[in-house]
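Peer 1: Build the 3D model from these lines:
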Amino acid sequence: MPEPTGTTPAGRRPAPSAEPDAEQLATRLADVVGRLLRRLRSTSSGGLLTPTQRSVLARLDREGPATTAALARAEYVRPQSMRLTLGALESQGLVERAPDPADGRKSVMSLTESGSASLAAVRAAKHDWLAEAIAAELDGAERRTVAEATELLDRLIGK
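Peer 2: From the prediction side, this is the model:
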């Protein structure tokens, strides 16, 4: 049975032959990256954490302890919403509250060991899905192409 027009024997589309237009490539790249991010998020959502909760845990891991107001600003949400998010994380034992050393009237939130473990599990689920998908869907030449594209994307975003 002949292959459908425009695909390779493995059912994959061949590499484009003409130099792509920057505008079209930007649109396509943004679409593909967005779908990849959504897929990674859904892969790691097996636990009881919302995307906002995962984002707050990651921020506390990356940037260290922070006040509710600082976290709300960083996550582009209202302080009241952040208080609810932090309350849920605190009730699960994933973050803890301590007095702000600079201003005793405030408190700072930090990641607990359990929060770090939960965040590591989320990251591992994303990594495992992506590694398995790459191994299952791409041959060696395609993996090299993705590796080259990754280097180019890294350069594009300025590391």
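
Peer 1: just checking, what packs against the helix ranked longest in the chain?
Peer 2: Longest among the helix segments of the chain by residue count, using DSSP state H, is helix 113-137. Counting contacts by 3 or more Cβ pairs under 8 Å, 6 or more residues apart in numbering; DSSP states H and E, helix 113-137 packs against helix 22-43, helix 51-63. Every residue, glycine included, has its C-beta placed from N, CA and C.

Peer 1: which other residues reach the longest one?
Peer 2: So that's helix 22-43. 51, 54, 125-126, 129-130 (Cβ atoms under 8 Å, 6 or more residues apart in numbering).

Peer 1: picking that back up, now mean neighbour count, mean pLDDT and distance to residue 102 too, for the helices and strands packed on helix 113-137, in CSV please.
Peer 2: Compiled in CSV, the helices and strands packed on helix 113-137 are given as follows (neighbours: other Cβ atoms under 10 Å; pLDDT from 0 to 100; distance: least, Cβ to Cβ, whole Å):
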stretch, mean neighbour count, mean pLDDT, distance to residue 102
helix 22-43, 11, 92, 35
helix 51-63, 17, 95, 16
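
Peer 1: Make JSON lines from those and add distance to residue 151 to it.
Peer 2: Listed next are those as JSON lines, based on distance: least, Cβ to Cβ, whole Å:
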{"stretch": "helix 22-43", "distance to residue 151": "15"}
{"stretch": "helix 51-63", "distance to residue 151": "23"}
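
Peer 1: And for residue 107, the neighbour number?
Peer 2: Using other Cβ atoms under 10 Å, the number of residues around residue 107 comes to 15.
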